[in-house]
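> I'd like to go over a predicted model; first the sequence, then the structure.
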Amino acid sequence: MWSGILRGVLISVLFGFVLFVLIPVHVPRPAFIPGFAPPPDMWPRTVSIAGIVLGLIVAVLAWAGPVARPAPNPEKQPAEPVGLPVLIGRFALVVLAFGLFIMLVPRIGFVLAAILLTAAAILLTGERQRLVWGTIVAVALPIVLALFFNSALGTQFPKGPFSALLGF
Amino acid sequence: MLNDILLALQAVATIENFLIMAAGIWGGVVIGAIPGMTGTMAVTLALPFTFYMQPVPSILLLVALYKGSTYGGSVSAILIKTPGTASAACTALDGYPLARQGKAGKALNMALYSSVIGDFFSNISLIFLAAPLAILALRVGPPEYFMLMVFALTTVAGVSGNSLLLGLVSACLGLLLATVGEDMYGSFRFAMTNEMQAGLAVAPVLIGLFALPELIKLIVFRNPPKTEPMKLGDNRVSGREIRASLKSILRGSTIGVVLGAIPGIGPASAAFFSYGEAQRTSKTPANFGKGELEGIAASESANNGACGATMIPLLALGVPGDVITGVMLGAFMIQGLTPGPLLFQTNMHEIYMLFIGMMVSSVLLFGAGKITMRAFSYVAEIPPTLLTSVVLLLCLFGIYSISNSMFDVTVLLALGVLGFAMFLLDIPAAPFLIAFILGPMIEENMRRALAISRGDASVFLSSPITWIFAALILFVIGITFRREVAKARQRKADRA
C-alpha cells in the first residue's frame, strides 16, 4: 500500500513542480496574443494539472485499496541478497559515470571518454570472468566505431589530447 | 492502361534497377538494425547519390531504404530491446521476451512475414486508393485530428502496461517533454539552454528510454535476464501460428494504410494502435507483453503498411507525411517531377514504374530479411554484461553522429536514467514515446481548433467524425477499466 501511495505522491509532486516552479519561470506569456489563439503556457499547464490529478488518484486508490497489488516483478529482485543502500549506491555510480562522461568529452575527447565509460559500465555490471572480451569491447570497439562513423558519415567527434594517438 | 503498365514493367525490369532496389533494401535493413541510425538518416545520406541517377531509380532507391530500415528497426528491437526506429518500439514489447525464451528466430520470422504482407498490402492500396484517401485526409480538420490523436494515445496508454492510470501518467510525461522548444507561434518554452530552443529530437529520447534502462537494471540488480540460447528447431513460424495471427496482420495492414495516408501520423502511431487493437480483441490478452507472436504481427504489419501509404499524400497532393517523405519530395523536385494531382496526368509512365518497383521491393525485402536474419539472431547469445555495453557504445556513437551534438548525447543518458526511474515506479515507456511523437501535433491542432472556434471547446464535438472518436475514447477507457477490475478480482481470488 505504502509504495503505491508514495508513487502517486511522487507523480503529483513532479507535475506540481513543473506547474508551480518551471512554467512560471521558463514559459513566458507574450504581452499581446492575437485573436483567440491560446497562450503558449496553456498546454503545459493543462498537462501538468492532468498529471497532478492522475498522481492523486493513484495515491488514493493505493490507500483505499480497491485494486489488489500485482505480483512482485522478478526483474526488480537483486541476484544476491543486498540492502537498499547498496542498490542506491550502484544507481548513484551509474549517474556519476554518465555525468563524468559528459564532463570529460570536451577535455579528453569523445573516443577516450567512451572507452572509460564502457569500461566502467562493464565493471559495474559485475563482469569479472570475461575480462579479455570486456577489454576488446571497451577499447577496440569505440575506436572501430569512431573510424566507421568518421569515414562513412564524416562525423567529427570532439577531440582531446590523446585523439592523435588513436588516429584522429 | 494495360499497355502503360506493360511498358512500365519493361522499363523497371532491368538489372540496374534490380540492383539499386536490392542495395537500398539491404542497406536499409542493416542501418535500421543499428541503434541510433534511423531510416531518415539512410534516406538523407543516399540523397546526394540520386543526383546522378534517372528519376524513377532514384526514388526507388529511397523507397527501398525506407522500407528496409523500417523492417531493420525490428531486428534490434527483438534481439536487444533497442528499437532501431520509433515504429519498432512496439515490436520490442513481445519480440524481446520471445528472444529471451530462445525463440529469437521465430520472432524475427514473424516480424518479416508480417512486414512483407503489410508492405504488399500498402503497395496495393497506394495503387488503387491514392487519390480517394488523399481527398478524405484533406477533409480532416484540426478538431478531428485532435480527437483522432487523443484516441490513439488512450489506446496506447491502455494496453502497454498493467494500469491505465500509469499509462496516462506516462503519456502526460511524454506530452510535457514534447513542449520543450519553440511552439507554433514562436514562443520558447522550457528553453533553459540554447540547444533546448530547438526542442528534443526523437532518436535520443526513443533509444534512451528503451535501451539504456536495460544496462542500468543490470548494474543495480545484477540480475541478468535469463536468455535461452536460440533453438534451431524453434525458428520456423508454423502455418497454424500464421493463421492465428492473420486477422491481426490484415487489420494491422489496414490501420497502417489508413493512418499512414494521414499526413503527420506515421508508422509508429499505426504500430501502437494496431497492437492495442490486437490485444483488445485477443482471446489471450494477458499474454501480450510476455512474448505473444500476434503482438509482433500486429505491430510490424502496421508499421510497414504505413510506409507505402505515406506516399499517398505525397504523390496525390504533394504533401509529405513525415520527415522521410519530406526528403523524398526534395528528390522528386530535384529530378524535375512535382508531386501532386498534375503528376498523375503528366508523368503517368513514371508513376506506373514507381508502383511496379515498389511491388518488386516487397519481394526483395523478404529475401534480404531471410538472409540477414541468421547472422543477426546470434546476437541473442552474447552475454548480457557485454551486450549491454556494446549497445551503450552504439547508442553513444549513433546519436552523436545524427547531428554532431553532445546535447543529444546528454538527452540520451538523461532519458536512460528517467526510463529506469519509470521502470521502478511501474510506469510503462510506450505511452511516453508515442505521446512525445504525437504531442506537438496534438497541441497544434488543439490550439488551432480553439483559435478557429474563438475559444469554444465544443468545437471538439462539432462533427460526426469527432463524435465517433469521442465514443471510441470512452469505449477504450471502459474496456480497459473492466479488464483491470477483472484482473484485480482474479489476483484476489488466487490469493484466497
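Cool, got the structure. Only a predicted model underlies this, so the values are computations on that prediction, with no experimental measurement involved.
> Count residues in the vicinity of the residue nearest to B:G39 when sequence neighbours are not counted, would you?
The shortest distance from B:G39 to any non-neighbouring residue, by C-beta to C-beta, 6 or more residues apart in numbering or on different chains, is to B:S69 (3.4 Å). C-beta: built from backbone N, CA, C; applies to glycine. Burial of B:S69 is recorded as 32 neighbouring residues (other C-beta atoms under 10 Å in any protein chain shown).
> cool, B:Q54 as well?
Other residues near B:Q54 number 16, with proximity taken as other C-beta under 10 Å.
> Return the per-residue confidence for it.
Model confidence at B:Q54, given as pLDDT, is 83.
> How about A:V105?
What the model reports for A:V105 is a pLDDT of 93.
> mind exporting whichever strand or helix holds B:M441 as CSV, just the C-alpha atoms?
Per DSSP states H and E: B:M441 is located in helix B:430-452. Output of helix B:430-452 as CSV, limited to C-alpha atoms (Å, rounded to 0.1, in the frame of the first residue of the first chain):
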residue,chain,number,x,y,z
ALA,B,430,5.5,3.1,-24.7
PRO,B,431,2.8,5.8,-24.0
PHE,B,432,5.6,8.2,-23.1
LEU,B,433,7.2,7.7,-26.5
ILE,B,434,4.0,7.9,-28.6
ALA,B,435,2.9,11.0,-26.6
PHE,B,436,6.3,12.6,-27.3
ILE,B,437,5.9,11.9,-31.0
LEU,B,438,2.3,13.0,-31.3
GLY,B,439,2.5,15.8,-28.7
PRO,B,440,3.4,18.7,-31.0
MET,B,441,0.6,17.7,-33.4
ILE,B,442,-2.0,17.2,-30.6
GLU,B,443,-1.2,20.7,-29.2
GLU,B,444,-1.0,22.4,-32.6
ASN,B,445,-4.4,21.0,-33.7
MET,B,446,-6.0,21.8,-30.3
ARG,B,447,-4.8,25.4,-30.3
ARG,B,448,-5.7,25.8,-34.0
ALA,B,449,-9.2,24.4,-33.4
LEU,B,450,-9.7,26.7,-30.3
ALA,B,451,-8.4,29.7,-32.3
ILE,B,452,-10.9,28.9,-35.1
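> Helix B:430-452 and the helix or strand following that helix, what's the angle between them?
Following the chain from helix B:430-452 toward its C-terminal end, the next helix or strand by DSSP H and E is helix B:464-495. Between helix B:464-495 and helix B:430-452, the angle formed by their directions is 150 degrees, by axes from the mean of the first three to the mean of the last three C-alpha atoms, to 10 degrees.
> Now do the buried residues in helix B:464-495.
Under the neighbour-count criterion of 16 or more other C-beta atoms under 10 Å in any protein chain shown, helix B:464-495 has B:465-466, B:469, B:472-473, B:476-477, B:480, B:483-484, B:487 buried.
> Run through chain A and note the low-pLDDT ranges.
Of all residues in chain A, those with pLDDT under 70 make up the ranges A:1, A:34-35, A:65-72, A:74, A:165-168.
> ok, back up a step: ok, so what distance separates the residue nearest to B:G39 from B:V116?
Distance, B:S69 to B:V116, using C-beta to C-beta, to the nearest Å: 15 Å.
> one step back: so the residue nearest to B:G39 is in which element?
According to DSSP H and E, B:S69 maps onto helix B:55-80.
> And B:S453, its phi and psi?
phi -90, psi 10 (degrees, to the nearest 10).
> re earlier: restrict the buried residues of helix B:464-495 to contacts with chain A.
Here is what survives when the buried residues of helix B:464-495 are matched to chain A using C-beta under 8 Å from any C-beta of the partner chain: B:E484.
> I'd say B:W26 and B:G369 touch.
No: taking contact to mean C-beta atoms under 8 Å, the distance of 9.9 Å between B:W26 and B:G369 leaves them out of contact.
> ok, the residue nearest to the spatial centre of chain A - contacts?
Compute the mean C-alpha point of chain A, and by C-alpha atoms, centre = their mean the closest residue is A:V95, 7.9 Å away. Shown here is A:V95, whose contacts under the criterion C-beta atoms under 8 Å, 6 or more residues apart in numbering or on different chains are B:V417.
> 10 Å instead, please
B:216, B:413-414, B:416-417, B:420 (C-beta atoms under 10 Å, 6 or more residues apart in numbering or on different chains).
> between those residues, which has the most around it?
Within the contacts of A:V95, most neighbours by other C-beta under 10 Å means B:G416, with 26 neighbours.
> can you tell me which residues contact that one?
A:94-95, A:98, B:204, B:207-216, B:392, B:395.
> ChimeraX command to pick out the buried ones of those residues?
Isolation of the buried members of the contacts of B:G416 (16+ other C-beta under 10 Å) is achieved in ChimeraX through the command below:
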select /A:94,98 /B:204,207,208,209,210,211,212,213,214,215,216,392,395
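> Buried residues, the helix holding B:M441. List them.
For helix B:430-452, burial by neighbour count (16+ other C-beta under 10 Å) applies to B:430-451.
> and it with chain A, contact?
Yes: residues of helix B:430-452 are located near chain A by C-beta under 10 Å from any C-beta of the partner chain, namely B:435, B:439-440, B:442-444, B:446-452.
> what packs against that helix?
Other helices and strands packing on helix B:430-452, by 3 or more C-beta pairs under 10 Å, 6 or more residues apart in numbering or on different chains; DSSP states H and E, are helix A:42-64, helix B:89-100, helix B:142-159, helix B:164-177, helix B:202-210, helix B:266-281, helix B:406-424.
> relative to helix B:89-100, how tilted is that helix?
Computed by the same axes, to 10 degrees, the angle between helix B:430-452 and helix B:89-100 is 170 degrees.
> So for helix B:430-452, mean pLDDT?
The average of the pLDDT scores along helix B:430-452 is 85.
> What is the burial count for A:R107?
Around A:R107 there are 11 residues (other C-beta under 10 Å).
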